[in-house]
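Visitor: mind looking at a prediction? Sequence and model below.
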Amino acid sequence: MINDFLDELAQLYDDSDKETNFQREYANLSQEKSKFSDFYLMFQRLFFYLEYHENQLIVDLQDKIVYHLHAA
């Protein structure tokens with residue numbers, strides 16, 4: 001009974017456009033002023049949720065990190 005209620009609430013309030021929202025969040029992700037560890041955790045979460053090909057990981061990561069890390 002309680003599980004049915006919780007399932008119904010989840011359906012009502014769950015993100016019905018989760019895939020699109022993850023894609024949007026991933027496209028807008030950049031390190032900017034955040035610590036690299038925080039940025040990278042979010043990058044990995046989004047990248048692997050969206051199931052992009054691993055070859056794309058390096059290309060995307062280079063595009064999203066701050067410039068001074070590119071030269072390192």
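Guide: Here it is on my side, so go on. These figures come from a predicted structure and were not determined experimentally. Numbering: from 1, shown residues only.

Visitor: next up, the contacts around Asp60.
Guide: Listed by C-beta atoms under 8 Å, 6 or more residues apart in numbering, the contact partners of Asp60 are Phe43, Phe47, Tyr52. All C-beta atoms are positioned from the backbone trio N, CA, C, and that covers glycine.

Visitor: pretty sure the second one is touching Ala27, no?
Guide: Looking back up the chat, that one is Phe47. No: look at Phe47 against Ala27 with C-beta atoms under 8 Å: they stay out of range, at 11.8 Å.

Visitor: so which of those two has more stuff around it?
Guide: Comparing Phe47 with Ala27 by neighbour count (other C-beta atoms under 10 Å), the higher total belongs to Phe47, at 19 against 11.

Visitor: not counting its neighbours along the chain, what's nearest the residue nearest the centre of the chain?
Guide: When the chain is reduced to its mean C-alpha position, the nearest residue by C-alpha atoms, centre = their mean turns out to be Leu46, at 2.3 Å. In space, Leu46 comes closest to Tyr26 once its chain neighbours are excluded; the distance is 4.3 Å by C-beta to C-beta, 6 or more residues apart in numbering.

Visitor: and that neighbour, how many neighbours?
Guide: Summarising burial for Tyr26: neighbours were counted as other C-beta under 10 Å, giving 18.

Visitor: pretty sure it contacts Gln44?
Guide: No: proximity of Tyr26 to Gln44 does not meet the contact threshold set by C-beta under 8 Å, at 10.9 Å.

Visitor: which elements pack onto the strand or helix carrying the residue nearest to the centre of the chain?
Guide: With secondary structure defined by DSSP states H and E, Leu46 is part of helix 36-49. Other elements packing on helix 36-49 under the criterion 3 or more C-beta pairs under 8 Å, 6 or more residues apart in numbering; DSSP states H and E are helix 18-28, helix 54-64.

Visitor: relative to helix 36-49, how tilted is the last one?
Guide: Angle between the axes of helix 54-64 and helix 36-49 is 140 degrees (criterion: axes from the mean of the first three to the mean of the last three C-alpha atoms, to 10 degrees).
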